Structure formats: structure tokens, C-alpha cells
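[1] Here is the input, now give the coordinates:
(chains A and B)
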There are 2 protein chains.
Amino acid sequence: MRITIVGLGLIGGSMAIDLRKRGFASHIIGVDSNKLHAKTALNIGLIDQVSNLEDAISETELIILAIPANETIRLLPKVLDKVKNQIVTDVCSIKANVCERIKYHSNRLNFVASHPMAGTENSGPWSAESGLYDGKAVIFCDAEDSNPQALNVVTKMYDYLNMRPIYMNAYNHDVHVAYVSHISHISSFALALTVLDKEKNEKNIFDLASGGFDSTVRLAKSSAEMWSTIFENNSENVISVLDTYIEKLKEFKLAIQKNENGQVSDLINKANRIKKIL
Amino acid sequence: MRITIVGLGLIGGSMAIDLRKRGFASHIIGVDSNKLHAKTALNIGLIDQVSNLEDAISETELIILAIPANETIRLLPKVLDKVKNQIVTDVCSIKANVCERIKYHSNRLNFVASHPMAGTENSGPWSAESGLYDGKAVIFCDAEDSNPQALNVVTKMYDYLNMRPIYMNAYNHDVHVAYVSHISHISSFALALTVLDKEKNEKNIFDLASGGFDSTVRLAKSSAEMWSTIFENNSENVISVLDTYIEKLKEFKLAIQKNENGQVSDLINKANRIKKIL
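    Have a look, this model is predicted:
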């Protein structure tokens, strides 16, 4: 199948590698407003050619938008304006605003809203890697609003990426990813800010990082461009879970301050319940 | 060298594996108040024999205390009471209270306060693994209070474990590990509590975990027995950094609520500075 990938970063680039290697894509056209990303993606062989959006749409059967949330919301209606039989999908970490934006578009049926739950803290085409999606979950949102044939093609694509499909409506998706994924990023960004603030000696940060900091702060290296628009588009759910998180930290603080009756142990034992799930 | 390891969990067990394999230890006696841990450590070959503390001390040249902070503080003076020429070291994540406890002990010179900065979220002798310490830092505290010959032996031991030595006084150690390591664990415990609280559907937690939650929550699987006494013995420093962490989270919340002038992006870009250090 001839496909277009709009956005040649970690997400789009990693899709390109495995979709070609595993025989789903026969020809990949790359579109990126960042000329360096486009040129790099071509040079390292992620894509077969660089093109503008309009030509790319007319020359391919499937268009994947792998760009930040605000860009997706802005660009998706324009892409749908131009399609005939082409299928369009996105990879956004927020879904309600995306689906809302094109709810009444005449080509809504051509669009499949999807969210592959995978990534690393790195960005750009240089960070693309084979196997990034293997074994992870992909969430299809409002699947009943897509043409079954379009849904089949996109499902097949994620099957080539070895992903497990899950189905949710867009609103529920945003609630649950705020609870499980978005809060992890805020916890990590705030941790980095705290340690940079308190520990003035950078050598200490490097030396002591193996005491747990390295793994919890990994996500704090994630892209501002991508994550600021995710939080913006899911602010209500994110703030609700952030309030709970701050409450839990205050409980911890109080328990440490009082230091009686094993309250700290109780909190840690409760937190340990996560072992049974993951 | 004949050595005793008191506490046959992840930390003591992993030391046993590599100290024997790499030729530092010729005979390892294990001491553990948990009979199952002691029996398991013997069965899986971590140690050569199980013994009581008194016999173990008299039959070996180096005694390693690999037990939780409160246990270390309780047991260390009793061990020092019994030594003649033997060397004693510990592996505690807090140091001021440990060093304070034996500051005026007549055998203080025989003791080397050390903190190998390595671990996993697992515990028990079953979790011991070769290579756990390779390339990580080990902090020696108040090294000038130890006999140079004792310091040499313990330094050599950590050299066999491929660890990088760092020197700090016990007070500074506790400040810096609170800033870099202890806060990471609280951030992770509180994250687990938050997600368990907000997300009632455990299947969603499992399905969505690859969106960042899995890596930030790893530390929340850590042992309550170990961490509650660490926080107890370093409460002042831990509370100070916890206050800053809560402040940073509130800044994030406010920025998301206001959603103007790229404030969220600014915070994330600041957090991204951690990339230059790690």
C-alpha cells in the first residue's frame, strides 16, 4: 500500500520503519514542515520521497497524521477536504477535541481516530526505532463513526505493528489517559524541576541518579511542543488527577512528619498494590 | 577473604553473587532473622553457610550489614561490640543517624559507612542479580573516621563490584540523596496511589501503562519495610524537597489552568534541561 506520513518524528518515523520492513507499505511519502526533519528522514531511508501535503494525499491511499495535538486539530479538516477514497488516521494522545473538530465533516467516514500507546523520551527522525510499537496497546476512538473498510485498513496497519486494539469513545479515552499516562509526565516534569531547583551541583545529580531518579525522570526529557498541547487539550481531566496527586503527596508529607503507627508503611503498602496489576 | 553478609535480600544477595564470582570472597556466611530468606539464599547458592551473628563475626574478616535503616542503627553498635580486627560496613541510604549512633564507639575505626547507589524495585534473595552494581556510584561517608586499612578493604570490595567511589560527610549525603533519590520514590509511591484511586478499572491501568506510567511507577513497587525507615531517618531533608515538589506541581496546575503565553511549554523546556545532565 502507498502511504503518506505527515510528521517525521519519533512516532511517524518508527511507524515508517516497521510498516515498510514488515511489508505493509510499498511506498512512503513524507510530509514535514520542518525541512531538516524531512531531509533527514529521506537521507536515513525512513521514507521514499518528500512531498507537499496536497500531492502526497493525491498519490497515496492512507494518510497518517503523526504531529502534535494542536497541529492535528488544525490540519485534519484540511486533509479530509482533499480526500476522495483515501483513508486518514492520526496518533494523538488526546481524542475528544480531535473527533469533535471533524464530527460533521462530509468525509468523516474516511477518518479513523487512533492512539498508539508507545513512545520514548526522544524526538525527531533520528530517534525512530524498529519495534517501538510491539506488544503495546492501540486505542481506537469512536470507531463506529468510521467506514468499516477504513477501520479494517487501519486495524491491519496496527496489526503489522504488533499492537493490541482497544476500543473507547473519545471522551472516555481522554479521561483514562489523563489518569494513567498524562499524570506520569507531569509527575516527571515536576520532579526534574524540583531536583534542578534543590540540587545546585549538577555532578551530584549525575552521581546520585542511579538511586531511582534516572528512571522516574526519564519522561521529563519529553518534547515541550508535543506535551504542552496535550495538556491544553485535556486540561479538565489532567487538573482533576493532578489535584488527587497533590493530595496524595500531602498525605505522605503528613505521615512522615507525624511518624507514628506505621502510617508511612501503610501508604507504601497501598502503593505496592500496583505490583499485582503491572 | 571470608565475609559475613547480614541481610540476604536484593542488596546483600547481589553483592554475594559478584563478590564470589569475581574472586573477592572465598567463603560467605549469611545471617538473616527471616528463616525463609536464609534458607533460600543457601539453597540458591548465594552463601556457603547460615549462621548466627556472633559465630559469623568471629569466623570472618569483613561484615556487611545489608538491612533496613532502623535495623542497621539498632544492630551496628552490637556488631562493633563484638569485633576485634574485623571490618564492618553497611549499605544504608541514610547516613547521619547511622554515623551518629556509633560516633564514640571504641571500635568506630573498624567501621566504614558506605552507600552503594543501586537497586531495583524487587526484594528478597530471589531478586539478587549479577551486575547490579556495575558502573554505579558508591558513597563513602565520614571516611576520615575509619581506619585507613579498613577503608582500603571496603574500597577494594566496591572495586570488585565495579563501583565509582564518591566521598561526602554523612550530613551532606543525607541532604543530597533526599534531593535526588528519596524524592523520586515518594513521587512514584504517590503516583501509584493516585492512579489506583482515580482509575477504578485495573484493566485500563494495565492497557494504558505503556504511555509512560510503567516507567515512572516502577519504584512504587519498592519495599515498605526499607523505605519507611529511610524517610523516618531523613525526614527533615525529605520534607523540604517534598515541599518544593508540591510547589512545582502547583505551578504546573496553574499554567495548565491559565493556558496563556506558552507557560506550560516554558516549564517543560526548563524540565528538559535534565537532558544535559543525564
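
[2] Skipping adjacent residues, who's closest to the residue nearest the centre of chain A in space?
    In chain A, the centroid-proximal residue (CA atoms, centre = their mean) is residue A:93; its distance is 4.6 Å. In this structure, residue A:93 finds its nearest non-sequential neighbour in residue A:230, 5.0 Å apart by CB to CB, 6 or more residues apart in numbering or on different chains. No exception for glycine: its C-beta is placed from N, CA and C like everyone else's.

[3] quick one: the one you found from residue A:119, how far?
    Using CB to CB, to the nearest Å, residue A:230 is found at 11 Å from residue A:119.

[4] Now for those two: what residues contact both?
    By CB atoms under 8 Å, 6 or more residues apart in numbering or on different chains, residue A:230 and residue A:119 have no common neighbours.

[5] and residue A:184, how many residues sit next to it?
    Counted with other CB atoms under 10 Å in any protein chain shown, the neighbours of residue A:184 add up to 25.

[6] is it fair to say it lies in a helix?
    Yes: according to DSSP: H, G, I helix; E, B strand; the rest coil, residue A:184 belongs to a helix.

[7] low-scoring stretches of the stretch 101-250 of chain A, by residue?
    Of all residues in the stretch 101-250 of chain A, none has pLDDT under 70.

[8] Now do the helices in it.
    Using DSSP state H, counting those that start in this stretch, the helices of the stretch 101-250 of chain A run over A:148-160, A:170-177, A:183-198, A:202-208, A:213-216, A:224-233, A:235-258.

[9] Most tightly packed of those helices?
    helix A:183-198 (a mean of 25; mean count of other CB atoms under 10 Å in any protein chain shown).

[10] so it versus helix A:224-233, what angle?
    Taking axes from the mean of the first three to the mean of the last three CA atoms, to 10 degrees, one finds that helix A:183-198 is oriented at 120 degrees with respect to helix A:224-233.

[11] Which neighbouring elements make contact with helix A:183-198?
    Counting contacts by 3 or more CB pairs under 8 Å, 6 or more residues apart in numbering or on different chains; DSSP states H and E, helix A:183-198 packs against helix A:213-216, helix A:224-233, helix A:235-258, helix B:183-198, helix B:213-216, helix B:235-258, helix B:263-271, helix B:274-277.

[12] 6 Å instead, please
    In terms of contacts (3 or more CB pairs under 6 Å, 6 or more residues apart in numbering or on different chains; DSSP states H and E), helix A:183-198 is packed against helix B:183-198, helix B:213-216, helix B:235-258, helix B:263-271.

[13] how far does the third one sit from the chain's center?
    It refers to helix B:235-258. Its chain's C-alpha centre and that of helix B:235-258 lie 25 Å apart, by CA atoms, centre = their mean, to the nearest Å.

[14] still on that earlier bit, Serialize the helices and strands packed on helix A:183-198 to CSV and add fields for distance to residue B:51.
    Rendered in CSV, the data for these read as follows (distance: least, CB to CB, whole Å):
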stretch, distance to residue B:51
helix B:183-198, 33
helix B:213-216, 40
helix B:235-258, 35
helix B:263-271, 50
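
[15] and of those helices, who's closest to residue B:98?
    Nearest of the helices and strands packed on helix A:183-198 to residue B:98, taken as CB to CB: helix B:235-258 at 14.7 Å.

[16] now for the closest one, which elements pack on it?
    For helix B:235-258, the packing partners by 3+ CB pairs under 6 Å, 6+ apart come out as helix A:183-198, helix A:235-258, helix B:263-271.

[17] So residue A:29 versus residue B:256, what's the distance?
    For residue A:29, the distance to residue B:256 - CB to CB - is 36 Å.

[18] so who does residue A:128 touch?
    With contact set as CB atoms under 6 Å, 6 or more residues apart in numbering or on different chains, residue A:128 has these partners: A:10, A:13-14, A:17.

[19] List just the nearest of those to residue A:190.
    Taking those together and measuring to residue A:190 by CB to CB, the closest member is residue A:10, at 22.8 Å.

[20] Surely the closest one and residue A:125 touch.
    No: using CB atoms under 6 Å, residue A:10 is not in contact with residue A:125; the gap is 8.0 Å.

[21] returning to that earlier point: neighbour-wise, which of the contacts of residue A:128 leads?
    residue A:13 (27 neighbours).

[22] got a list of contacts for the strand or helix carrying that residue?
    Using DSSP states H and E, the element containing residue A:13 is helix A:10-21. Residues outside helix A:10-21 that contact it (CB under 6 Å, 6+ apart): A:5, A:25, A:28, A:46-47, A:66, A:91, A:122-123, A:125, A:127-130, A:132, A:161.
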